[in-house]
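**Student:** how would this look folded up:
(one chain, ligands or ions: 1)
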Amino acid sequence: MIEVEGLTKRYGRHTVVDDVTFRCEPGTVTGFLGPNGAGKSTTMRMICGLTPPSAGRATVAGRPYRDLPNPGREIGVLLDASAQHVGRTGREVLAVAAQTMGVAPGRVPDTLGRVGLNPTAAGRRVRAYSLGMRQRLGLAYALLGDPRGLILDEPANGLDPEGIFWMRGLLRDFADRGGTVLLSSHLLREVEAVADRLVVIGGGRVVAQGDRDDLLSGAGTLVRARDPDALRAALGAAGLDATGGTDGGLLVAAPAGVVGQAAADAGVALTELRPAGSGGLEQIFLALTAGTSVQEAVR
Ligand SMILES: Nc1ncnc2c1ncn2[C@@H]1O[C@H](COP(=O)(O)OP(=O)(O)OP(=O)(O)O)[C@@H](O)[C@H]1O
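**Tutor:** Alright, predicted model coming up:
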């Protein structure tokens, strides 16, 4: 439902999103995970047509976002909860959005209730909202058009633990009814609890992606060669998906024997070959976040 292919963004000589490819399927929650500055927001903005890509493409329901006739009915987007009109009440924000999207005004109170904003809160101006309340309002905005997909950038920011638990339930339920969810976070534990699939990004590049359980159980092999390009080519030729860590090692979703054979067949000398073991993803994520708030990242 959401397809991203070779998406790249350069600002001057700085490549902030580098050849990012992934898909989000109906009925699943995809966690888009990476430390601060990894390129998550830029990728999401490109998917939503807010930032033009330098290369690659992104589609929602088979079309570029900007070509969707009424995007709010197809995909709900929450990119920046602080960008709401602060002079309006929550109810007014949604009423205006309902009009724009051609949604029956009767959906406004229902949607506000769905995100836990009671009539008193809905009657207050957004200026007086906490960040958590703004996130709830942003989520209401995203849900208002009864879309089949959601794109949410760090939606848990500002929510208290109870709010985070509530939001997980809402997103899980949305996906279980056939919806497609892409949500970003810089906290592994936060997305791990709700996502079926993970796409991990660091320094603008996808460093791991796949089913959450596979990634977290480390069902895969860590492999390293003196010539990483030759190793990549060898694995590619054998039809094996490899994602790169920051230190030149590769994580491959196949048993060590298969990986070693692929390298041997191509005459590539390995310097390391071992099962990723438990915590394979955690190790990758720790390597990515090294130097930043490591404790927080895997909390
Ligand atoms: N308009 C811009 N001009 C130049 N550089 C930019 C611009 N927008 C983003 N960047 C840079 O792109 C990189 C990726 O930023 P991005 O906001 O996409 O990361 P992120 O993963 O969403 O991080 P965070 O969790 O902190 O929001 C950062 O180094 C940022 O400084």
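
**Student:** switch to C-alpha atoms for all contacts and neighbour counts from now on
**Tutor:** Noted.

**Student:** What residues does the stretch 51-200 of the chain have near the ligand?
**Tutor:** Remark: the part of the stretch 51-200 of the chain in contact with the ligand comprises His186, using Cα under 6 Å from any ligand atom.

**Student:** Would you point out which residue of the stretch 51-200 of the chain is nearest the ligand?
**Tutor:** His186 (5.9 Å; Cα to the nearest ligand atom).

**Student:** Do I have it right that that residue meets Leu33?
**Tutor:** Yes. Between His186 and Leu33 a contact is recorded at 5.6 Å, counting by Cα atoms under 8 Å.

**Student:** Which residue of the two possesses the greater neighbour count?
**Tutor:** Leu33 (29 against 24; other Cα atoms under 10 Å).

**Student:** how close does the closest residue to the more buried one other than its chain neighbours sit to Asp211?
**Tutor:** Nearest non-adjacent residue to Leu33, counting by Cα to Cα, 6 or more residues apart in numbering: Val200, 4.7 Å away. As judged by Cα to Cα, to the nearest Å, Val200 and Asp211 stand 11 Å apart.

**Student:** go on, Ala38?
**Tutor:** For Ala38, the distance to Asp211 - Cα to Cα - is 21 Å.

**Student:** One more: Ile201?
**Tutor:** 15 Å.

**Student:** So which of the two has more stuff around it?
**Tutor:** Ile201 (26 against 13).

**Student:** would the more buried one count as being in a strand?
**Tutor:** Yes. Counting by DSSP: H, G, I helix; E, B strand; the rest coil, Ile201 falls inside a strand.

**Student:** next SSE after the top helix by length along the chain?
**Tutor:** Longest helix in the chain, counting residues (DSSP state H): helix 161-176. Toward the C-terminal end, the helix or strand that comes next after helix 161-176 (DSSP states H and E) is strand 180-185.

**Student:** Show me what that following strand is packed against.
**Tutor:** Counting contacts by 3 or more Cα pairs under 8 Å, 6 or more residues apart in numbering; DSSP states H and E, strand 180-185 packs against strand 14-24, strand 28-33, strand 149-153, helix 161-176, helix 188-192.

**Student:** Quick check: buried residues in the longest helix of the chain?
**Tutor:** Residues 163-164, 167-168, 171-172, 174-175 are the ones in helix 161-176 that count as buried (16 or more other Cα atoms under 10 Å).

**Student:** Including pLDDT, could the residues you listed go into CSV?
**Tutor:** Converted to CSV, the buried residues of helix 161-176 look like this (pLDDT from 0 to 100):
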residue, pLDDT
Gly163, 91
Ile164, 92
Met167, 93
Arg168, 93
Leu171, 95
Arg172, 95
Phe174, 96
Ala175, 97
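
**Student:** So which of these is the closest to Ala98?
**Tutor:** Ala98 lies nearest to Phe174 out of the buried residues of helix 161-176, by Cα to Cα, at 20.0 Å.

**Student:** wait, what's in contact with the closest one?
**Tutor:** 180-181 (Cα atoms under 8 Å, 6 or more residues apart in numbering).

**Student:** How about Ala242?
**Tutor:** Taking Cα under 8 Å, 6+ apart, we find Ala242 in contact with 208, 232, 235-236, 250-253.

**Student:** Between those, which sits nearest the ligand?
**Tutor:** Ala208 (14.9 Å).

**Student:** Go ahead and confirm the closest one touches Val252.
**Tutor:** No. Using Cα under 8 Å, Ala208 is not in contact with Val252; the gap is 9.1 Å.

**Student:** Now the common contact residues for these two.
**Tutor:** With Cα under 8 Å, 6+ apart as the test, Ala208 and Val252 both reach 242-243.

**Student:** Among the contacts of Ala242, which lie within helices?
**Tutor:** Going by DSSP H, the helices hold 232, 235-236 from the contacts of Ala242.

**Student:** hmm, back to that, present the helices and strands packed on strand 180-185 as JSON lines; the columns should include distance to Arg114.
**Tutor:** Shown next, in JSON lines, are the helices and strands packed on strand 180-185 (distance: least, Cα to Cα, whole Å):
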{"stretch": "strand 14-24", "distance to Arg114": "24"}
{"stretch": "strand 28-33", "distance to Arg114": "19"}
{"stretch": "strand 149-153", "distance to Arg114": "15"}
{"stretch": "helix 161-176", "distance to Arg114": "9"}
{"stretch": "helix 188-192", "distance to Arg114": "21"}
